[in-house]
Each structure stands twice: as C-alpha cells, then as structure tokens.
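> Need coordinates for the below:
(one chain, ligands or ions: 1)
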Amino acid sequence: MSPRASNTSAKKTYSYLGPEGTFTELALAQVAEAKGANHRSVAHVQEAIDDVISGRAFRAIIPVENSVEGGVSATADALAITENVRIYGEYLVPVTFDLVARPGTVLKDVRTVSTHPVAYAQTRAWLSANLSQHAHLPATSTAAAAAALLDNDFADAAVAAPTIVKHYGLKTLARNIGENKNAQTRFIQIGLAGPMPEPTGRDKTSVIVELPTDRPGALLEMLEQFAARGVNLSRIESRPIGDRLGRYRFNIDAQGHIADSAVSEALMGLHRFSPKVLFLGSYPRADKQKSVHEGNNSNVEFADAASWLKQLKAGK
Ligand SMILES: O=C(O)C(=O)Cc1ccccc1
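Numbering: from 1, shown residues only. Below you'll find the model as predicted:
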C-alpha cells in the first residue's frame, strides 16, 4: 500500500519535530484534530515537509518563529522551495529551558552541552556565566540532545523543556536558564494545498515574496501593497535566496484572510509587481486578536467601490 493510500483508510498521521519531549510535541498537543491520530516523530523540518508532500503524513507541525531568536531559518528556507504546501493553523508555546544530565553528573563536571541552536542562543548567557569553559554540541532538537545523553557520552548535559525528565531517565541540574523568561515559540501546522480554514475575522495570511532585481525602491513598493490597503504586518523577515550575494526573499505574515478584500487586493498587487509570490495560506491567529484593516478597507467599502465602477463602465 502506498503511504498516500494508508492515510485515506485508518487514522491520519501528524508528523512533528521529535523525538518525544520536544517543544514541537507540546505544540502538537494543542492541535485538537490531532487527538487520537498517529503522531510520527521526525528528525528534521525538511523530513516533516517531505512527509506531507509524499502523503506519508496528513499534516506536520514545525517551529517557525521564536520571540527572542526570530525566524527558524530551516523552516523558512524549506518552505520557500516547496510548492503546494499550505499553513492550516498556528500555535504558541511558552518556552522555558532546564539543564539536564545523566544521574550522577554534577554541574562542575559539565564540559559539553548539547541542544537545538535556538535553545542554545537563548541560554548562552546563563551557560557562559555558569559553565564558562563549555562547548556546544548542536542537536536536531532539544529532546534529541537529551535522549542522546543516554546513548553516548559526546555531551555531559542538554538544554531542553522542563518536561523532558518525564520522558527520559535524566535529572535536572538547573531550572529556568533562559535569558528571556517570557519567550514563546510559534509553530505551524502544514498540509497539502486544499480547502482553507474559513475566515474568522481573527486571521493571518503568510506569503514569501521575491523582489524584482535592481529596481530602486522595490522594497518600498512591496510594502506599499499592504500599506495602501490598510493591512498590518505581524512579521517580515528576509532570507538570502542563495544564488548570489544581495538577493533576498521576504517571509511575511499579514493580518487578515485571503477572503478579506484588503488582503486579496494586496496579494494581487504583489502578484503584479513581484517575480515570485508563494502563498502559504490564511489561517486563524493563535493570539485570537481581531485583524483590522485600517482606513476605508473593509469588505463593504471594497464592494461599494466595485459597484460604483461597474456603474461608470455601464455608462450610468
Ligand atoms: O527542539 C525542540 O524541542 C523544538 O521543538 C524546536 C525548538 C527549539 C527551541 C525552542 C523552540 C523550539
């Protein structure tokens, strides 16, 4: 049976950045539709995306942005070169970090600390102050770093979620070692392109936009597509395209749903101006705040302007 076929019959599969005990797994626990479904742990964001594309998984949960560290570049870069994948939801997870080790380890014996790069960036200050000589061993996730402590002795300790000790026979050496105590990470649920979540009035739309090359003011022109329709942006982040120096693509989250005229007009503006716009989807905002389109940019006002124009064209 092909992986796609196996998904049509029995339970749906949700892939997530694992193994057990990652922050991504905590985000998956927020996905109501995934309760009772198969949960498949993968080692990389790309593997999660490949699962969705091949049909091995119905959906995947991946980290996208951290309130302290910014965008997760592995996710941004993988999505930018993927077609036919859409975002169906977003989830916020508060992230606090503990230092864990094999039983018997004491803090002063720790030389090598393993963790995910995003977790390391947020705990580096504490680690430098308390383990000034330590080396960092990057891991594919916080839980992978923790689990590896029981498989080999490459590292002496790992930085992971406080709940990690429920999953592995490790002990906590230090609690809450993150620099920002209110840090949050945003996760997305992705799937193959298909029917979108209905507009709720509290939505977000994500796109990746490339700029026309060597055009003065191109960045301003891109932003004007949103500004002219009163569409607020909640994130704009540039990533190098990678073919040569000086070429960037922009990962943008805008308030509102593609069903909102202000957003659809902005998208059409982007399409006219940009050599490549990748639409990643419209989905409900995790913070449940209203998406307001400032100025005269409500659906009613757009509809009124359209019927006025129709009259003019009809010679009335
Ligand atoms: O490694 C994990 O546990 C993840 O889910 C990725 C991650 C790492 C650090 C902060 C937030 C998410």
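
> Give me the mean pLDDT for stretch 136-156.
What stretch 136-156 shows for mean pLDDT is 98.

> Contact residues of the stretch 151-300 of the chain facing the ligand?
Within the stretch 151-300 of the chain, the positions adjacent to the ligand are Thr185 by CB under 6 Å from any ligand atom. Quick note: C-beta positions are derived from backbone N, CA and C, even for glycine.

> pretty sure Leu137 belongs to a strand, no?
Yes. Counting by DSSP: H, G, I helix; E, B strand; the rest coil, Leu137 is part of a strand.

> Just the element for the spatially most central residue of the chain, please.
What sits nearest the mean C-alpha location of the chain, by CA atoms, centre = their mean, is Val64, with 1.9 Å. Using DSSP states H and E, Val64 maps to strand 59-66.

> That strand and the ligand, are they touching?
Yes. For strand 59-66, a contact with the ligand is found by CB under 6 Å from any ligand atom, at Pro63, Asn66.

> how about stretch 291-305: buried residues?
For stretch 291-305, burial by neighbour count (16 or more other CB atoms under 10 Å) applies to Ser291, His293, Asn297, Phe302.

> okay, those residues in a markdown table with secondary structure next?
Formatted as a markdown table, the buried residues of stretch 291-305 follow (three-state DSSP):
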| residue | secondary structure |
| --- | --- |
| Ser291 | coil |
| His293 | coil |
| Asn297 | coil |
| Phe302 | helix |
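
> still on that earlier bit, who does the strand holding Val64 pair up with?
strand 13-17 (parallel), strand 70-71 (antiparallel), strand 184-192 (antiparallel) (DSSP bridges).

> And the contacts of it?
By CB atoms under 8 Å, 6 or more residues apart in numbering, the residues outside strand 59-66 that reach it are 12, 14-17, 23-24, 27-28, 31, 34, 42, 45, 48-49, 51-52, 71-72, 75-76, 88, 90-91, 95, 118, 122, 183-191, 235.

> Could you tell me how far it lies from the centre of the chain?
Mean C-alpha position of strand 59-66 versus that of the full chain (CA atoms, centre = their mean, to the nearest Å) differs by 4 Å.

> same check, this time on stretch 15-34
13 Å.

> re the thing from before, now the strands paired with strand 59-66 in a markdown table, with mean neighbour count and distance to Ala57?
What follows is the strands paired with strand 59-66, written out as a markdown table (neighbours: other CB atoms under 10 Å; distance: least, CB to CB, whole Å):
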| stretch | mean neighbour count | distance to Ala57 |
| --- | --- | --- |
| strand 13-17 | 26 | 4 |
| strand 70-71 | 16 | 23 |
| strand 184-192 | 22 | 8 |
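
> Which of these has the lowest mean pLDDT?
With a mean of 88, strand 70-71 has the lowest mean pLDDT of the strands paired with strand 59-66.

> follow-up on the earlier one: just the pLDDT for the residue nearest to the centre of the chain.
pLDDT recorded at Val64 is 96.

> for Thr8, same thing?
Looking at Thr8, its pLDDT reads 49.

> what's near enough to touch Ala174?
Ala174 makes contact with Asp98, Leu99, Leu107, Trp126, Asn130, according to CB under 8 Å, 6+ apart.

> And the buried ones among those, selectable in ChimeraX?
Buried residues within the contacts of Ala174, by 16+ other CB under 10 Å, are selected in ChimeraX with:
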select :98,99,126
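
> Among the contacts of Ala174, which are located in strands?
Here DSSP state E is the test, and the contacts of Ala174 give Asp98, Leu99 as lying in strands.

> What is the nearest of the contacts of Ala174 to Ser141?
Asp98 (14.9 Å; CB to CB).

> still on that earlier bit, closest to the ligand among the buried residues of stretch 291-305?
For the buried residues of stretch 291-305, the minimum distance to the ligand (CB to the nearest ligand atom) is 25.4 Å, reached by Ser291.

> Apart from its neighbours in sequence, what residue is nearest that closest one?
Once flanking residues are discounted, Ser291 sits nearest to Gln255: 3.9 Å by CB to CB, 6 or more residues apart in numbering.

> which phi and psi does that neighbour have?
Phi and psi for Gln255, reported as degrees, to the nearest 10, are phi -80, psi 130.

> Same question for Gln133.
phi -100, psi 10.

> Contacts only, for the nearest residue to it once chain neighbours are set aside.
If the residues on either side of it in the chain are set aside, Gln133 comes closest to Arg111, at 6.9 Å by CB to CB, 6+ apart. Neighbour list for Arg111: Gln133, His134, Ala135, Asp156 [criterion: CB under 8 Å, 6+ apart].
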